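**Student:** here's a sequence, model it:
(2 chains)
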Amino acid sequence: MNQDSFIAVDGVWKSFDTHSVLRGISLNVAAHSATVLIGASGSGKSTLLRCINALETVDAGSIVVNSELDVTAFSADLDAIRRRIGIVFQSFNLFPHMKVLENITLGPTRVLKKSKKESIATAMELLTRFGLEAKALDYPDRLSGGQAQRVAIVRALAMEPEIMLFDEITSSLDPMLVGEVLDSVRELRSGGLTIVMATHEMSFAKEIADQVCFLRDGVVWESGTAAEVFEAPQRAETKNFLHRVN
Amino acid sequence: MNAPVPGADMVFVDPLRQERSRKKARRDALIGIASLLGFVILILLLIGRSSGWETVQKTFFNGDQFVESFPGLLQAFWLNVRIFLIAEPLILIIGLLVALARTLKSPIFLPIRVLATLYVDIFRGVPTILIIFLLGFGMPALQLTGVPSDAIFWGTAALVLSYGAYVAEVFRAGIGSVHPSQTMASRSLGLSSFQTNRFVVLPQAVRNVTPPLLNDFISLQKDTALVAVLGPIEVLRRAQIDTSSNFNYTPYVGAALIFIALTIPMTRFADWIQVRSARKKRAGGAA
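**Tutor:** Predicted coordinates:
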């Protein structure tokens, strides 16, 4: 296995009922890099992300973070894993009964056991960084889709994760609002966070990815740098997919 | 005439159309009132012309009897109110605990889950009045030391157990109505299963089932009268006693009016809550 890989996914299988979504997938993610997963719907992108932060258990194979944290071990402390790995979903999943600020401070106060004062200070700092400070005391139903998704990003960031997973975070947004959310990801990328992102935004993938993985039938069909995969794809299916989405 | 240029924050309605729709609204209101009045008069005529009306009026709507019995009925009703006030919080606690017990997944909790399911099956399956009979006559008969033999105690306990089973199911439906993605989001932040329930799922679940819960409260207010079968002199029992000593049924009507006076405001309140939560849900569609 690759020595300098921060996240090492090795031969992971996952099926739902009789349908195998992941079929022995392997991939390595370097620390402080951005990996973009592309591929048709149902190719296994979301499932892989959910396995990485243990929201799904795997059927076979292993996922090891930083050569020390085995996400897939039977004895794994799942809450501890999720503390270190943040995830943002396609459908925001903000808590509708809590104000924006409460959404963000819930994790830090209850899981990290930070004081209320400290959590609020951190939350306000993050909200300001993403241009959302005016929304702190609003309920989620007062936010636009783009604002809601940025709040979801801030909520995950407030836990100070080492890795951020983005699961098609712009797919349910009005096209006009995609830009502001991608700007937030760009900002995190420049901050040196390790990022794994499933997306259909090919131009954005080209721009930020250190590594692009094309998933098909539950395996990495082709991977390489953005230039390699987008400009000179080696396999016919990759070419075909890129041709269809462009 | 130049039409005003529409701005984003202005509303413009043609004054002629406005006048016309105002007129229509007034006419509709008048027709509605006239129709209602006509209907009421028709009903009263029909009842008044029936051959038995005079007897019914004397035995059910007797003014003197009403005035005589009403203070006693009100006083007896205070017992219904006390039963309700004690039972309701206990019902909420039992209902919530049982609903939570039924959502436990770990195999070690199997006994708790089975007990909770059994409890709901049994107490929801047996008529409330039968539970009152069984507990009210059965428990004191056991003559266990330390167990009260008071009829009010066992009547209230029976109501609590019976309604607890219903309310448990209401809470369970509420928990089920919170989308699984909420749990996933909470767990992804590292919150434990318990914390997820406490901070994310339950607050939303309770909000979702407030209207049906209020409905059960209203039902409970009326069912406090069932305790009468054990003997305590609450409002129904009082009315029964008055009725049989005077051979006049007016106290029953008085008791009914007292219940209505309490349940109608409660019903309107439940309606209001329901409308408000429906509106909130529509507004919160994006979240």
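**Student:** so which residues of chain A form helices?
**Tutor:** A:45-52, A:78-84, A:100-110, A:116-129, A:145-157, A:175-190, A:202-208, A:226-231, A:236-245 (DSSP state H).
**Student:** select, out of those, the one closest to residue B:133.
**Tutor:** For these, the distance to residue B:133 is smallest for helix A:100-110, at 47.7 Å, taking CB to CB. In short, each C-beta sits where N, CA and C put it, glycine included.
**Student:** chain A contacts on the stretch 51-200 of chain B?
**Tutor:** Within the stretch 51-200 of chain B, the positions lying close to chain A (CB under 8 Å from any CB of the partner chain) are B:181-182, B:184-192, B:195, B:199-200.
**Student:** out of those, who's nearest residue B:79?
**Tutor:** Distance to residue B:79 across these (CB to CB) is lowest for residue B:199, with 39.8 Å.
**Student:** tell me how many other residues crowd the residue lying closest to residue A:83 once chain neighbours are set aside.
**Tutor:** Setting aside the residues directly before and after it, residue A:83 is nearest to residue B:190 in space (CB to CB, 6 or more residues apart in numbering or on different chains), at 4.0 Å. When neighbours are defined as other CB atoms under 10 Å in any protein chain shown, residue B:190 has 25 of them.
**Student:** verify the contact between residue B:190 and residue A:85 for me.
**Tutor:** No. At 9.3 Å, residue B:190 does not count as touching residue A:85 under the criterion of CB atoms under 8 Å.
**Student:** what residue is smack in the middle of chain A?
**Tutor:** Residue closest to the average C-alpha location in chain A (CA atoms, centre = their mean): residue A:165, at 1.5 Å.
**Student:** report pLDDT for the residue nearest the centre of chain B.
**Tutor:** Residue closest to the average C-alpha location in chain B (CA atoms, centre = their mean): residue B:218, at 2.3 Å. At residue B:218, the pLDDT value in this model is 90.
**Student:** what sits against it?
**Tutor:** For residue B:218, the contacting residues are B:263, B:266, B:267, B:270, by CB atoms under 8 Å, 6 or more residues apart in numbering or on different chains.
**Student:** tally up the residues packed near the third one, please.
**Tutor:** By other CB under 10 Å, 14 other residues sit near residue B:267.
**Student:** the first one now?
**Tutor:** By other CB under 10 Å, the residues close to residue B:263 number 16.
**Student:** helix/strand/coil for the residue nearest to it when sequence neighbours are not counted?
**Tutor:** Closest residue to residue B:263 apart from its sequence neighbours, by CB to CB, 6+ apart: residue B:218 at 5.3 Å. For residue B:218, the assignment made with DSSP: H, G, I helix; E, B strand; the rest coil gives helix.
**Student:** you'd agree residue B:133 is up against residue B:229?
**Tutor:** Yes. Between residue B:133 and residue B:229 there is a contact at 6.6 Å, judged by CB under 8 Å.
**Student:** hang on, the earlier thing: just flag the most distant two among the residues of the stretch 51-200 of chain B next to chain A.
**Tutor:** Most distant of those, by CB to CB, are B:181 and B:192, 18.0 Å apart.
**Student:** a markdown table for the helices of chain A, including mean pLDDT?
**Tutor:** Listed next are the helices of chain A as a markdown table, based on pLDDT from 0 to 100:
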| stretch | mean pLDDT |
| --- | --- |
| helix A:45-52 | 93 |
| helix A:78-84 | 87 |
| helix A:100-110 | 94 |
| helix A:116-129 | 93 |
| helix A:145-157 | 93 |
| helix A:175-190 | 88 |
| helix A:202-208 | 89 |
| helix A:226-231 | 90 |
| helix A:236-245 | 88 |
